[in-house]
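Colleague: structure for this input, please:
(chains A and B)
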Amino acid sequence: MANIKVTMQLDDLSCPSCMIKIQKALSGQSGLSDIKVLFNASKIKLNLDDTLNDVDQIKIILNHLGYPVQRVTVKE
Amino acid sequence: MYAIQNLFKKFQKENLIGMTLLLILAFGFKFGNLINLSQIMMLLTALIGVLPILIRAFSALKYKSIAIELLISIAVIGALLIHEYDEAGIVVWLFAIGDWLQMIMMNKTRQSIRELMDTFPTTALKISTPDDRQYQEVDIDELVVDQYVLVKSGSTIPVDGVVVQGSSYVNEASITGESKPAHKKVLSKVFAGTIVNDGTIVVQVIKIGDETVFGKLIELIEDAQDSQTKEQRFVDKFARYYTPVILVLGIIVALWTKNMETAITVLVLGCPGALVIGVPVSTVMGIGMAAKNGIITKGAANFNILSRKNYFIFDKTGTLTVGEPTVVNIKNLLGDREHNIKLLASVENESNHPLARAILNIHNDDNALYLAQDVKSIAGQGMRAQINHKSILVGNQKMMKTENISIPSLVMNKSDSQVILVVDRQVHMVLMINDQLRPQIKENLDQIKQQGAKKLMLLSGDNQAAVDVVANKLPFDTAIGNLLPADKLAIVKKLQVQGESVVFVGDGINDGPALSQADLGIAMGGGTDIAIDVSDLVLVNSDPVQISLAIKIAHATMRNMKQNIFIALATVLILFVGLFTNYVDMSIGMLVHELSVLLVVINALSLNYLKSLF
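Modeller: Model prediction:
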């Protein structure tokens, strides 16, 4: 297995800079591509190469940034 | 550190109240001339206010992201170092209250989508076999394909699936826009988000959650709300460099002027809040408004296209017309009218031809049908059968010609189809069947023209005579018939080569190529995956009035977006002019900044009151 599609639901994003911050933090990580931060839906969508990275790791990063993940859906 | 960060987030409101109280105390002491006490209160405000900001700044910095929080933190700490406690306290308080107000405002802009999503059930009644009535209420996510769920009358169907037991009338307005409830029986397909009016049904799960038609619509709206227009991309680029540039600028000012206060003020001005949020709030409101009115758009860029001077091309069947043949005229020539209709219905009941449905619709359901025997259908002509030992023919002129039965000449529309009932070789009844124009279609087209459409065109696969009948009643500039899907595509391409912007309105199924080629494809009627896939805009209610509504919303949204960009850029300009003319200090800078953010959000929310225009 390689690429999986991950959607993460965050707590409501309210500050305008959140988007940029999350986008920037995640684009520095390996194995992630097509990162989309949906500000209005407070969701993150990305493609994950699960040989290089995993969902829990991303959750930790987001938690550290101050955006706890509520729900994760994974599609292959 | 992260625990503290989350703690602050949890107690954001309490923290804000605490800061506000301290600030009031500080001002109170100041008026009471207790300057020292006042300064201590301000220092406390600044400290409890700056802590969460500082933590957020650090966590962002760890991922090499220069956040606004960093600028604010440096500014506040700088202010504290030069003993400007008042400034520091007021700035963090303004920042905190701005954050909090933004949260409230953003929730408001998200309301319309949320209302839509709230109609989607989150749990389902799971049963192990179709006969099982010992249901277990489970989360939708726990369901898997092929499981059975029980849906009781009055509740919303939680999945896309097929009925395996029971029958019911289901209101599918949320998916198809059809207000008449659809009759669902065993083997009928049902959709998540539709409502069971009566009876209990057992549904076998086919699709769950995001995979359902309703889920896809919601996902489309969510993606669209964050989709980018070229205005947005411009602003994004600006914002990305703005914050780091401001940081550098602050350092330069500090080194050059040796004036810490000015340098710190520069940092506070470095919050591009209104700039970052201005365009997204406009689009989210516009898209939300459209969605509320059954207009699903795939991206904010579509608003841009809709607000141009476009060629509007319409398909005929199913777009201008209802798409369902209806009996428009009945000529009873021999025998009892009701009896003749019953004969017709009895024969047509054996057929699934579109005209058969029209005939069955005029038959009174309470009236039991005759038993039709030896039913035979003759392709392209009609049907023959035996009822009560009488020979019955139901068919068109071609059939009568083959059978050598002469039909009386009747006045009729060129676009009508005739169905003739013959009993024992005698013509008893003639029906005229036609696909009716949608109600109010002329007014709608007139309005689209008024709204600035360049030309209205009708392209149809139907014969030219039938197209002319329709075109004569409507304000089309051009009307062409006998076209294959590929011909329609060619016409769209040709117009685009000439530099025209083309909007194509079709039913999504046979107009697929033209819909996707057009600058903007509008599909009538959601409910099918194909329509959703190939079009840019889906009209859930299949009502052309939604087109002019969409144009109105598009114009308003684009206008709103431009206003917001103007507000944001003007704010930055004013602040810097103010800074270098010494009118703006740290706290005024912060105040103006927060006000500009609120202003763009309020401006976007005003789109909600556009309703009065409809």
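
Colleague: which residues of chain A score low on pLDDT?
Modeller: Applying pLDDT under 70 to chain A picks out residues A:1, A:14-17.

Colleague: can you classify the residue positioned nearest the centre of it as helix, strand or coil?
Modeller: Centroid check for chain A by Cα atoms, centre = their mean gives residue A:44 as the closest residue, at 4.7 Å. Under DSSP: H, G, I helix; E, B strand; the rest coil, residue A:44 falls in the strand class.

Colleague: what is the neighbour count of the closest residue to it other than its chain neighbours?
Modeller: With Cβ to Cβ, 6 or more residues apart in numbering or on different chains as the criterion, residue A:44 has its nearest non-adjacent residue at 4.6 Å, and that residue is residue A:8. The way it works is simple: take the backbone N, C-alpha and C, and place the C-beta from them, glycine included. Look at residue A:8: counted by other Cβ atoms under 10 Å in any protein chain shown, it has 22 neighbours.

Colleague: next, residue A:8: secondary structure please.
Modeller: Per three-state DSSP, residue A:8 ends up strand.

Colleague: that one reaches residue A:62, doesn't it?
Modeller: Yes - the criterion here is Cβ atoms under 8 Å, and residue A:8 meets it with residue A:62 at 7.2 Å.

Colleague: and for those two, which residues touch both?
Modeller: Contact criterion Cβ atoms under 8 Å, 6 or more residues apart in numbering or on different chains; residues shared by residue A:8 and residue A:62: A:44, A:69.

Colleague: and the top helix by length along chain B, which residues are buried?
Modeller: When chain B is parsed with DSSP state H, its longest helix is helix B:545-580. The neighbour-count check on helix B:545-580 (16 or more other Cβ atoms under 10 Å in any protein chain shown) flags B:545-558, B:560-561, B:563-565, B:567-568, B:571-572, B:575, B:578-579 as buried.

Colleague: thinking again about what came up before, need the contact list for the residue nearest to residue A:44.
Modeller: Going by Cβ under 8 Å, 6+ apart, residue A:8 touches A:43, A:44, A:45, A:58, A:59, A:62, A:69, A:70, A:71, A:72.

Colleague: pull up the gap between the residue nearest to the centre of chain A and residue B:107, please.
Modeller: Relative to residue B:107, residue A:44 is positioned 19 Å away (Cβ to Cβ, to the nearest Å).

Colleague: now do the strands in the stretch 51-200 of chain B.
Modeller: In the stretch 51-200 of chain B, the segments counted as strands under DSSP state E, counting those that start in this stretch are B:123-127, B:136-139, B:148-151, B:160-165, B:168-171, B:182-184, B:189-190, B:195-196.

Colleague: how far off centre is the last one?
Modeller: Strand B:195-196 has its C-alpha centroid displaced from the chain centroid by 22 Å (Cα atoms, centre = their mean, to the nearest Å).

Colleague: packing partners of that strand?
Modeller: For strand B:195-196, the elements it packs on are strand B:168-171, judged by 3 or more Cβ pairs under 8 Å, 6 or more residues apart in numbering or on different chains; DSSP states H and E.

Colleague: pairing partners for the strand it packs on, with directions?
Modeller: strand B:182-184 (antiparallel), strand B:195-196 (antiparallel) (DSSP bridges).

Colleague: quick one, what contacts the nearest residue to residue B:558 once chain neighbours are set aside?
Modeller: In this structure, residue B:558 finds its nearest non-sequential neighbour in residue B:307, 4.8 Å apart by Cβ to Cβ, 6+ apart. The neighbours of residue B:307, taking Cβ under 8 Å, 6+ apart as the test, are B:551, B:554, B:555, B:558.

Colleague: make JSON lines from the strands of the stretch 51-200 of chain B and add mean neighbour count to it.
Modeller: Putting those into JSON lines (neighbours: other Cβ atoms under 10 Å in any protein chain shown) gives the following:
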{"stretch": "strand B:123-127", "mean neighbour count": "20"}
{"stretch": "strand B:136-139", "mean neighbour count": "11"}
{"stretch": "strand B:148-151", "mean neighbour count": "23"}
{"stretch": "strand B:160-165", "mean neighbour count": "20"}
{"stretch": "strand B:168-171", "mean neighbour count": "20"}
{"stretch": "strand B:182-184", "mean neighbour count": "17"}
{"stretch": "strand B:189-190", "mean neighbour count": "18"}
{"stretch": "strand B:195-196", "mean neighbour count": "20"}
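
Colleague: mean pLDDT lowest for which of those?
Modeller: Comparing mean pLDDT across those, the weakest is strand B:182-184, with a mean of 84.

Colleague: what sits up against that one?
Modeller: By Cβ under 8 Å, 6+ apart, strand B:182-184 touches B:163, B:167, B:168, B:169, B:170, B:172, B:188, B:190, B:201.

Colleague: do that again at 7 Å, thanks
Modeller: B:163, B:167, B:168, B:169, B:170, B:172, B:190, B:201 (Cβ atoms under 7 Å, 6 or more residues apart in numbering or on different chains).

Colleague: what's the answer for stretch B:357-368, then?
Modeller: The contact list for stretch B:357-368 (Cβ under 7 Å, 6+ apart) reads B:325, B:326, B:327, B:341, B:342, B:344, B:345, B:348, B:349, B:419, B:431, B:433.

Colleague: do that again at 6 Å, thanks
Modeller: Contact with stretch B:357-368 is made by B:325, B:326, B:327, B:341, B:342, B:344, B:345, B:348, B:433, as judged by Cβ atoms under 6 Å, 6 or more residues apart in numbering or on different chains.
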